[in-house]
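Peer 1: got a predicted structure here, sequence first:
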Amino acid sequence: MKNRSLKMYSLLFSVPFLIVPYELLAGDNGHSPCENTAKQIFQACHADVKDDYKTTLANCINLATRSERVACRDEAKMVRMEEADYCTDQLDARVNACEVLGEHRYDSDPLLDPTIAFVDPDDVDQSSANPYVSIVSGHTYVLRAGEEGEETVVVHVTDESREIQGVPCRVVTDAVVVVEEDETTGEIDYVPVEITDDWFAQDTEGNVYYCGEISRNFEDGALVDLDGSFESGREFAKAGLLISGMPEVGIAHRQEFSLGEAEDIVQYVDLAGIPSVENENFPCADSGGCLMTYDFAPLEPESSEFKYYSPGIGFVLAEAMEDGEFTGETEQLLCVGDSLDILEDPACEIEDPEELLEELCELAAEAFCD
């Protein structure tokens, strides 16, 4: 279905506020419910573009000079065209995802599946944990990320749980910060980029499920939005299978399902992958035993990643791609341990661990305060 012509879709959705009959939504029009879902969210995307455009025009009216008003309207028109094109790209990506997934409709939330036996996160230990994503309390690792390695990522498995849809889900806090140094005093300051509480559940087979997340996004250290947040059971959102305990090459599945917010999909590429980046923290690289996955999301159709996981350690590397080409941007494991004490390890490359912990404590007290 790749490179499918969108002329029919463009014609269908050129009618303002078109109401698609239930028969089409159900898949009785020759297309699957998955494809019809893509069409509906495409229509919603265009409605959002129109809403943003009209709101901007209203603001343009209130600018002081005519030249400012004209420039504002011209900018609004250009943005509208770009965003409309992006809606089309998302549609194409969602339709392609339907074929990759072989999906009829995503109608079953795994947290409500009576055939899945979930375990209490407190009962999961090193021997029973998923080999690629641990929910064992205390498990902590540090990554270096960003276009130039400017971001420090601290992932910490807390001892807290949150019940979602009747399932106990472990709270895993993911903190992304950048280092800023005062040129006069030389003091180090850790400025937040994103602080996320992820909620993971595990079953008796070792599969880990994504119950939801609350994502706090910052700009210049100030909280700006909660984009990407979702919770299974709220506003039609459903959990997904984050990662299998026994992945099979070629299998693809949804990791989350909240249209317009969270639509990540993973496909298992290789069980004996070898990362192209050399790093002593990747023990699976020498043995060729890394789990390699391809991760993508229709919400960002131009972006995708190859990820690598080392059994018993977890995530070790992500290589970013844009439009199918490697960008050179990576996310690499620096250190891993069973408590926040690992932050003191020189391998973590944290200039001032005490200052970092103080900042994280202010941002996410339940995860990082002693």
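Peer 2: Yep, it's here.
Peer 1: which strand or helix spans residue 306?
Peer 2: Using DSSP states H and E, residue 306 sits in strand 303-310.
Peer 1: which residues touch that strand?
Peer 2: If you take CB atoms under 8 Å, 6 or more residues apart in numbering as the criterion, strand 303-310 is touched by 131-133, 243, 269, 273, 275, 282-284, 289-297, 315-322, 324. Using the backbone N, CA and C atoms, a C-beta is placed for each residue, glycine as well.
Peer 1: buried stuff in it?
Peer 2: Of the residues in strand 303-310, 304-310 count as buried by neighbour count, 16 or more other CB atoms under 10 Å.
Peer 1: ok, for the most centrally placed residue in the chain, nearest residue in space, not its chain neighbours?
Peer 2: Residue closest to the mean C-alpha point of the chain, counted by CA atoms, centre = their mean, is residue 264 at 6.1 Å. For residue 264, ignoring the flanking residues on the chain, the nearest one in space by CB to CB, 6 or more residues apart in numbering is residue 255 at 4.4 Å.
Peer 1: one step back: quick check, the residue nearest to the centre of the chain in contact with residue 252.
Peer 2: No - using CB atoms under 8 Å as the test, residue 264 is too far from residue 252 to be in contact (11.3 Å).
Peer 1: thinking again about what came up before, where is pLDDT lowest across the buried residues of strand 303-310?
Peer 2: The lowest pLDDT within these belongs to residue 310, which sits at 92.
Peer 1: nearest residue to that residue other than its sequence neighbours?
Peer 2: Spatial nearest neighbour of residue 310, chain neighbours left out: residue 284 (4.0 Å); criterion: CB to CB, 6+ apart.
Peer 1: quick one on the thing from earlier: can you list the strands that the next helix or strand after the strand holding residue 306 pairs with?
Peer 2: Heading C-terminal from strand 303-310, the first helix or strand you meet, by DSSP H and E, is strand 314-322. Sheet pairing of strand 314-322 (DSSP bridges) gives strand 303-310 (antiparallel), strand 325-337 (antiparallel).
Peer 1: what about strand 314-322, distance to the chain center?
Peer 2: Relative to its chain's centre, strand 314-322 lies at 12 Å (CA atoms, centre = their mean, to the nearest Å).
Peer 1: tell me which residues of it are tucked away?
Peer 2: Across strand 314-322, burial judged by 16+ other CB under 10 Å covers 314-321.
Peer 1: what does stretch 209-223 give?
Peer 2: By 16+ other CB under 10 Å, the buried positions in stretch 209-223 come out as 209-218.
Peer 1: turn those residues into a markdown table, columns for pLDDT.
Peer 2: Shown next, in a markdown table, are the buried residues of stretch 209-223 (pLDDT from 0 to 100):
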| residue | pLDDT |
| --- | --- |
| 209 | 98 |
| 210 | 98 |
| 211 | 98 |
| 212 | 98 |
| 213 | 98 |
| 214 | 97 |
| 215 | 96 |
| 216 | 97 |
| 217 | 97 |
| 218 | 97 |
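Peer 1: which one of those residues is nearest residue 228?
Peer 2: Of all those, residue 215 has the smallest distance to residue 228: 4.3 Å, by CB to CB.
Peer 1: want to throw the strands paired with strand 314-322 into TSV with distance to residue 103?
Peer 2: Shown next, in TSV, are the strands paired with strand 314-322 (distance: least, CB to CB, whole Å):
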stretch	distance to residue 103
strand 303-310	19
strand 325-337	27
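Peer 1: state the pLDDT value of residue 16.
Peer 2: pLDDT for residue 16: 37.
Peer 1: now the nearest residue to residue 370 once chain neighbours are set aside, what are its backbone angles?
Peer 2: Nearest non-adjacent residue to residue 370, counting by CB to CB, 6+ apart: residue 361, 7.9 Å away. Backbone dihedrals for residue 361, given as degrees, to the nearest 10, come out at phi -60, psi -40.
Peer 1: for burial, what's the neighbour tally of residue 361?
Peer 2: By the measure other CB atoms under 10 Å, the count of residues near residue 361 is 14.
Peer 1: all helices for the protein, in order.
Peer 2: With DSSP state H as the criterion, the chain has helices at 7-12, 22-25, 33-61, 66-101, 283-287, 353-363, 365-368.
Peer 1: for residue 178, find the nearest of these.
Peer 2: Residue 178 lies closest to helix 353-363 among the helices of the chain, at 11.3 Å (CB to CB).
Peer 1: gap between the closest one and the chain center?
Peer 2: So, by CA atoms, centre = their mean, the centroid of helix 353-363 is 24 Å from its chain's centroid.
Peer 1: which residues sit against it?
Peer 2: Helix 353-363 has contacts (CB under 8 Å, 6+ apart) with 152, 154, 175, 177, 188-190, 192, 195, 340, 343-344, 350, 367-370.
Peer 1: buried ones from the residues you listed, can you make that a PyMOL selection?
Peer 2: Buried subset of the contacts of helix 353-363, written as a PyMOL selection, criterion 16+ other CB under 10 Å:
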select buried, resi 152+154+175+177+190+192+195+340+343+350+367+368
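Peer 1: which ones are touching the nearest residue in space to residue 339 that is not next to it in sequence?
Peer 2: Computed as CB to CB, 6+ apart, the closest residue to residue 339 that is not its neighbour in sequence is residue 138, at 4.7 Å. If a contact means CB under 8 Å, 6+ apart, then residue 138 has 157, 159, 338-340 as its contacts.
Peer 1: ok, 10 Å please
Peer 2: Contact analysis of residue 138 by CB atoms under 10 Å, 6 or more residues apart in numbering lists 156-159, 337-342.
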